[in-house]
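> Provided below are the primary sequence and the corresponding predicted coordinates.
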Amino acid sequence: MATIVVGDVHGCLRELKQVLARADFEPGRDRVVFVGDLVNGGPDSLGVMRFVRGLGDGAEVVLGNHDLHMLAVGLGGHKPRDKDTFEDVLSAPDADELLEWLRHRPMIVRRGENLVVHAGLWPSWTASQAEAVAREVEGALRADDYRRVFEAMYGNEPRQWHEDLEGEARLRVAINIMTRMRVLEGDGSLEFDYKSTYEAIEAPRHAWFDAEPARWAIDGAQPGGVRVICGHWSALGYMKTPRLLALDTGCVWGRALSAVRLEDGHLFQVNRGGLDL
């Protein structure tokens with residue numbers, strides 16, 4: 001059995017099927033883990049949702065910011081944005097089943113020393129703390145009053161995690177860290193406007209995974225560290241270090257969809273046209 005981790009799909013069903021074929025993925029034998037953002041941007045969000053859900057227990061999905069936004073529109077009454085492309089999901093005859101399935105997906109998936117999350121982890125979190133915070137958010141999303149999550153999650157404040165945060169503020173910053181974070185300011189606070197490349201970051205700003213001490217990191221001083229596997233930051237592209245495996249290579253922007261087989265680290269890619277790279 002192999003475990004294949006796939007980057008941000010964003011409704012690109014053809015490329016998803018192609019990259020899984022490249023990885024010799026066999027349903028029933030292998031497992032596929034998605035880093036989030038199954039939907040929005042590409043041509044077939046509905047097809048992606050049905051395909052991934054149809055894999056049953058052979059697929060695991062962590063929630064991304066676009067997945068949560070679609071849930072907020074479909075289940076929470078939030079207004080869609082002009083650029084949203086998931087109306088096919090919301091108007092489908094099986095929309096209720098698809099949205100309920102998505103609402104029950106996790107924020108974090110751990111596979112041994114690998115932890116899959118859409119955007120990243122707060123520097124002061126250990127891996128165990130990150131999982132505990134993720135369970136808090138998941139519990140709120142799965143509760144009877146889950147709509148309160150969608151009311152709370154929009155906004156940029158607070159910009160730093162504090163363990164004594166409560167209520168809506170705690171949910172919002174936890175979701176922002178795990179699904180929207182790219183860069184931190186010099187004082188360690190979240191910076192939401194930066195979407196350019198890693199190389200273009202100007203100090204004192206820094207990538208979230210460069211913050212020290214990173215208590216979650218497998219190459220840090222804290223025991224029980226992990227390598228984070230994430231997506232979200234398409235301008236970062238593919239990056240592999242001892243503590244990070246970044247897999248959003250911008251398929252929805254005309255570049256590539258990437259997948260990695262965990263057992264041997266082999267990288268598979270197809271470009272937006274479905275051709276092998």
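On my side now, so go ahead.

> quick one: the strands in the protein?
Per DSSP state E, the chain carries strands over the ranges 3-6, 31-34, 59-61, 108-111, 114-117, 183-184, 190-191, 206-207, 227-230, 239-240, 244-246, 256-261, 266-271.

> Report all helices and strands that the first one contacts.
Helices and strands in packing contact with strand 3-6 are listed as helix 13-22, strand 31-34, strand 256-261; criterion 3 or more CB pairs under 8 Å, 6 or more residues apart in numbering; DSSP states H and E. Using the backbone N, CA and C atoms, a C-beta is placed for each residue, glycine as well.

> for it, what is the average pLDDT?
The average pLDDT within strand 3-6 is 99.

> chain center to it: distance?
Centroid separation for strand 3-6 versus its chain: 13 Å, with CA atoms, centre = their mean, to the nearest Å.

> List the contacts of it.
Residues from elsewhere that reach strand 3-6, judged by CB atoms under 8 Å, 6 or more residues apart in numbering: 16, 19-20, 23, 25, 30-35, 111, 114, 116, 229, 245, 247, 257-263, 268.

> on that earlier part again, let me have the strands of the chain in CSV, extended by mean neighbour count.
Formatted as CSV, those follow (neighbours: other CB atoms under 10 Å):
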stretch, mean neighbour count
strand 3-6, 23
strand 31-34, 22
strand 59-61, 21
strand 108-111, 19
strand 114-117, 24
strand 183-184, 22
strand 190-191, 19
strand 206-207, 18
strand 227-230, 25
strand 239-240, 14
strand 244-246, 23
strand 256-261, 24
strand 266-271, 19
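
> Now distance to Tyr198 too, for these, in TSV please.
Formatted as TSV, those follow (distance: least, CB to CB, whole Å):
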stretch	distance to Tyr198
strand 3-6	20
strand 31-34	23
strand 59-61	26
strand 108-111	23
strand 114-117	18
strand 183-184	9
strand 190-191	14
strand 206-207	6
strand 227-230	13
strand 239-240	7
strand 244-246	9
strand 256-261	16
strand 266-271	18
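
> Looking at those strands, which is nearest to Glu87?
Nearest of these to Glu87, taken as CB to CB: strand 59-61 at 20.5 Å.

> neighbouring contacts of the closest one?
Residues outside strand 59-61 that contact it (CB under 8 Å, 6+ apart): 31-34, 36, 38, 52-53, 67, 102, 105-106, 109, 116.

> quick revisit: among the helices and strands packed on strand 3-6, single out whichever gets nearest to Glu157.
The closest of the helices and strands packed on strand 3-6 to Glu157 is strand 31-34. By CB to CB, the value is 29.2 Å.

> what's the burial count for Trp23?
Let me fix one detail, which is that residue 23 is Ala and not Trp. Residues near Ala23, counting by other CB atoms under 10 Å, number 20.

> correct me, but it touches Ser258?
No - with contact defined as CB atoms under 8 Å, Ala23 does not reach Ser258; the gap is 10.4 Å.

> Need the overlap of contacts for these two.
Common neighbours of Ala23 and Ser258, using CB under 8 Å, 6+ apart, are Phe268.

> Quick one: low-confidence residue ranges for the stretch 151-277 of the chain.
274-277 (pLDDT under 70).

> which residues of it fall in helices?
167-179 (DSSP state H, counting those that start in this stretch).

> again with the stretch 1-150 of the chain
Under DSSP H, counting those that start in this stretch, the stretch 1-150 of the chain gives helices at 13-22, 45-54, 65-76, 87-90, 95-103, 127-142, 147-152.

> Can you list the buried residues in the third one?
Okay, so that is helix 65-76. Across helix 65-76, burial judged by 16 or more other CB atoms under 10 Å covers Asn65, His66, Asp67, Leu68, His69, Met70, Leu71, Ala72, Val73, Gly74, Leu75, Gly76.
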